[in-house]
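In: Dropping the sequence and predicted coords here.
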Amino acid sequence: MLHQAPRTAVRMATRYFSSGVSLNFETVYGGSLTSNCVITCEHAGNDLPEGSHWGESDLQAGLPSKHWAYDPGAKEFSSELGFCLKAPAVMSRYSRLFVDLNRPIASHTLARQMCDNHIVDLNMNLTPSSIADRISRYYLPYHFEVERVACVVGARVGISVHTYTCNYEGSLRDFEVGVLYSTKNEGAAHKLVDMLNNNGVYSKVNAPWSGKDGFMHSIDCFSHNGSIPGQRSSLMFEFRNDVCQDVAWRSKVISIISPLLKTM
Ligand SMILES: [Zn+2]
């Protein structure tokens, strides 16, 4: 069965614009206003806000369509998983190269200047005020939206969805799914990986990088924000982006992982 978002979910989406300001997120409710979890997708989109433009060399290098700019397949997975779990999904609209929502504000890759050997023209000559503008108008509203939606539905678990390339700087990744945890959900991560492997989807825990090394920044902000300390937890999925762009593969993986995610 394919988990496709229905038209009703689209009609419940948060508007892109508020008071004339374009927002760096799209929120789709999965058909219910109560849920144990909220899904986030920090690298869903590769658009730029009005008034911002890719540089000529960025376009010549095809940068906007590469994994440097966004996570191919992650937006589709997030909305389809949200529909299956009846959970809201908060998804970015603008490229991670414009401002990376999964980085701490002080990170030197908040607005990355190099991708492999390519100098990112979009981010040349950034000033402190232009970085502050990106943070205040696009970075913070996304994180506020995750918190707002989590409070609306009563979410206890944050699930962040990402994709990775099969070849990163010469390092080949043959596995299809990484399930990441940082401080909690070690048992759930291992169970999910076991279920995926038992169903023929080659998966690993804390790969291709570890959730303990700061790569779950955004969803760990959610889990540390709860009004009662320790009540929330986080989990992150990394899917290899070639297989994650296939609707049948996404549907199979969602069918395997959703029963456990519903009970967390
Ligand atoms: Zn990502």
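Out: Cool, the structure landed.
In: Helices along the protein, start to end?
Out: Listed in chain order, the helices of the chain (DSSP state H) span 7-11, 56-60, 74-85, 128-134, 140-153, 186-198, 217-224, 241-244, 247-263.
In: For the first one, give the mean pLDDT please.
Out: When pLDDT is averaged along helix 7-11, the result is 42.
In: The shortest one too?
Out: Per-residue pLDDT over helix 241-244 has a mean of 96.
In: Which of the helices of the chain comes out lowest on mean pLDDT?
Out: When these are compared by mean pLDDT, helix 7-11 comes last with a mean of 42.
In: what does the chain have sitting close to the ion?
Out: Proximity of the chain to the ion, by CB under 5 Å from the ion, involves residues 43, 71, 162. (C-beta placed from N, C-alpha, C; glycine too.)
In: can you pull the contacts of the residue nearest the centre of the chain?
Out: The centroid of the chain falls nearest to Cys41 when counting by CA atoms, centre = their mean (2.2 Å). Each residue near Cys41 by CB atoms under 8 Å, 6 or more residues apart in numbering is listed here: 71, 74-75, 77-78, 89-92, 160-162.
In: contacting residues around the residue of the stretch 51-200 of the chain at minimum distance from the ion?
Out: Closest approach between the stretch 51-200 of the chain and the ion, counting by CB to the ion: His162, at 3.3 Å. His162 makes contact with 41-43, 71, 74, 102, 236-239 under the criterion CB under 8 Å, 6+ apart.
In: can you rerun that using 7 Å?
Out: Counting by CB atoms under 7 Å, 6 or more residues apart in numbering, His162 makes contact with 43, 71, 74, 236-238.
In: how near is the residue nearest to the centre of the chain to Phe98?
Out: To Phe98, Cys41 is 15 Å away according to CB to CB, to the nearest Å.
In: Met114 too?
Out: Taken as CB to CB, the span from Met114 to Phe98 is 15 Å.
In: These two: which has the busier surroundings?
Out: Phe98 (27 against 11; other CB atoms under 10 Å).
In: That one is in contact with Ser52, isn't it?
Out: Yes. Between Phe98 and Ser52 a contact is recorded at 6.5 Å, counting by CB atoms under 7 Å.
In: Find me the pLDDT at the residue nearest to Glu56 when sequence neighbours are not counted, would you?
Out: What sits nearest to Glu56 in space, not counting adjacent residues and going by CB to CB, 6 or more residues apart in numbering, is Asp121, at 6.7 Å. On pLDDT, Asp121 comes in at 96.
In: Same question for the one 3 residues further on.
Out: At Met124, the pLDDT value in this model is 94.
In: Check Gln231 too.
Out: The model's pLDDT for Gln231 equals 87.
In: Now for it, how many residues are close by?
Out: 9.
In: ok, and the closest non-adjacent residue to Pro104?
Out: Among residues not flanking Pro104 along the chain, His217 sits closest, at 5.8 Å (CB to CB, 6+ apart).
In: what's near enough to touch that neighbour?
Out: By CB under 7 Å, 6+ apart, the residues touching His217 are 102-104.
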